[in-house]
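A.B. asks: need a structure here:
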Amino acid sequence: MSGLAGGSTIIGSLAGCSSLSGSSSTSITAASMQWSEAKLMGYLGHESLKANTDYAIEDEIGLGGSQQCFQAVKNQEVDLYHLYTGGAYATIPPKHTEKPESPEAAYEIAKQDMAEEHNLSYLERAQFNNTYSIALRPGFQEETGLETISGFAEYLNSGNTDLTVVLGPEFAERSDGWPGLTDAYGFSDAVSNVNIRKIGANLTYQVLGEGEAEAGMVFTTNPKIRQYNLATLEDDQNFFLPYNPAPLVNSETLSEAPEIEAALNEPMRALDSEQKVIELNSRISNDGEEVQAVARDFLKSEGII
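C.D. replies: Okay, here's the model as predicted:
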C-alpha cells in the first residue's frame, strides 16, 4: 500500500449493513486511465472506499494510459486502478493471442496471470462489456452499404483507400486494436494507403460526426455514438475481446487492508448492463456533469454509500 504502515482493521459490510471500518492513519491511492468511463470506474472505487473504510483515499484519477497505470500499481506508486479484461488478457505479459472461450474465461485467465506473474489481485469484474467498434460518419453507410468489418476490409482492398480513419493512440498500437484487426480481417496492406489520424479517443465521435473522417475507433458504451448519429460495423469475425472492468489492486495493499475488497467489488456488481453505463456516461459526456459527482450519485442510488 502506498504509504500504508498497517494497523488493526475490522472487516464490515457495505450498504444495508454496517459500513466497513479501519483504524489506520495512512492512505490508499486510487488511480485510473484518462478517458471518461475509466475515470468513472476510478471514482466509483474512490468514493466507495472513502465512504466504507476509514483510510484516507488519495486521488490519482486520470493518471495515464493503461500501461502507465499498470506499472504504477505494480511498483506500489498507487494502490489500484480499473483494468478492462480484454486489455489484461491480450496486452499485459504473458500476452494471450488465442480467443478466450467466454468473458468469464478471459477474466479467470487474466486474474491468474496477475496473481502469479505480477503479485496483483484482480477483483470482481462488472458484467457490462465496453468493447471496441469501428464507426462510420453519418451518411457513409448509406453511400457504401457497409455493415460489417469484413465488408469494410473488402471495400478498402478493392482500392477505396481515399479516406481518413481516426484512431485513439493506444488502439492504434495495441495487438487487440488496429494492427491486430487489420491482420485478422486481411486489409493490412490496403491501410498503408489510408490517411490514419491518431487523436484523443474522446474526440473521435465529434470528428466523425462533423464529417472530418469516414471511419474511426469508438467504445460501444459511449453515448456519443447516438449523439452524433454514427453507424457501427458488426465485428462479424468476433475479433474484439470482451472488456469488463475490474479493480486491479497491489496484493500487498490487499493483504494489509483486506476490507477494501468489499468496497471495491460492490460498485462492480451494480454495473450489470450496458444501458446503465451508457446513461452514466451520457451524464458526463453529453450533460457536462462532473465525473466524481456522477459516481457518488450512482453509489447513493444503489445504496453502496
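A.B. asks: alpha carbons only for contacts and neighbour counts from here, please
C.D. replies: Noted.
A.B. asks: and stretch 140-147, how far from the chain's centre?
C.D. replies: Averaging C-alpha positions (CA atoms, centre = their mean, to the nearest Å) puts stretch 140-147 29 Å from its chain's average.
A.B. asks: I'd like the average pLDDT over it.
C.D. replies: For stretch 140-147, the per-residue pLDDT values average out at 97.
A.B. asks: Could you do stretch 163-173 as well?
C.D. replies: What stretch 163-173 shows for mean pLDDT is 95.
A.B. asks: cool, stretch 268-287 as well?
C.D. replies: This predicted structure assigns stretch 268-287 an average pLDDT of 95.
A.B. asks: Next: stretch 53-61.
C.D. replies: For stretch 53-61, the mean confidence score works out to 97.
A.B. asks: residues near residue 107, how many?
C.D. replies: For residue 107, the count of nearby residues is 26 (other CA atoms under 10 Å).
A.B. asks: Apologies, that question was intended for residue 46.
C.D. replies: Here the number of neighbours of residue 46 (other CA under 10 Å) works out to 28.
A.B. asks: Quick one: the strands in the stretch 1-150 of the chain, in order.
C.D. replies: With DSSP state E, counting those that start in this stretch, the ranges of strands along the stretch 1-150 of the chain come out as 9-10, 21-22, 27-33, 56-64, 80-84, 120-122, 132-136.
A.B. asks: Show me how far the fifth one is from its chain's centre.
C.D. replies: So that's strand 80-84. Worked out by CA atoms, centre = their mean, strand 80-84 lies 8 Å from the chain centre.
A.B. asks: From the contact counts, what lies against it?
C.D. replies: Using 3 or more CA pairs under 8 Å, 6 or more residues apart in numbering; DSSP states H and E as the contact criterion, the secondary-structure elements in contact with strand 80-84 are strand 27-33, helix 36-52, helix 66-74, strand 245-250.
A.B. asks: So for the first one, what gets flagged as buried?
C.D. replies: Just to be clear, that refers to strand 27-33. By neighbour count with 16 or more other CA atoms under 10 Å, strand 27-33 contains the buried residues 27, 28, 29, 30, 31, 32, 33.
A.B. asks: Would you check that the second one makes contact with residue 54?
C.D. replies: Just to be clear, that refers to residue 28. No - in this structure residue 28 lies outside contact range of residue 54 using CA atoms under 8 Å: 10.2 Å.
A.B. asks: With distance to residue 133 and pLDDT added, can I get the buried residues of strand 27-33 in a markdown table?
C.D. replies: A markdown table is the format used below for the buried residues of strand 27-33 (distance: CA to CA, whole Å; pLDDT from 0 to 100):
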| residue | distance to residue 133 | pLDDT |
| --- | --- | --- |
| 27 | 38 | 94 |
| 28 | 35 | 98 |
| 29 | 32 | 98 |
| 30 | 28 | 98 |
| 31 | 26 | 98 |
| 32 | 22 | 98 |
| 33 | 19 | 96 |
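A.B. asks: from those, which is closest to residue 147?
C.D. replies: Each of those was scored against residue 147 by CA to CA, and residue 33 proved nearest at 31.1 Å.
A.B. asks: Give me the distance between that closest one and residue 61.
C.D. replies: Noted for residue 33: a distance of 7 Å to residue 61, by CA to CA, to the nearest Å.
A.B. asks: Overlap of the contact sets of these two?
C.D. replies: Jointly contacting residue 33 and residue 61 under the rule CA atoms under 8 Å, 6 or more residues apart in numbering are residue 39.
A.B. asks: Quick one: the buried residues of strand 27-33 as TSV, columns for distance to residue 301 too.
C.D. replies: Formatted as TSV, the entries for these read as follows, by distance: CA to CA, whole Å:
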residue	distance to residue 301
27	27
28	25
29	25
30	22
31	23
32	23
33	25
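A.B. asks: Tell me the one of those nearest residue 224?
C.D. replies: Among those, residue 33 lies closest to residue 224 (CA to CA), at 19.2 Å.
A.B. asks: for the most centrally placed residue in the chain, what are its contacts?
C.D. replies: In the chain, the C-alpha nearest the mean C-alpha coordinate belongs to residue 84, at 4.7 Å (CA atoms, centre = their mean). Contacts for residue 84 were tallied using CA under 8 Å, 6+ apart; they are 243, 244, 245, 246.
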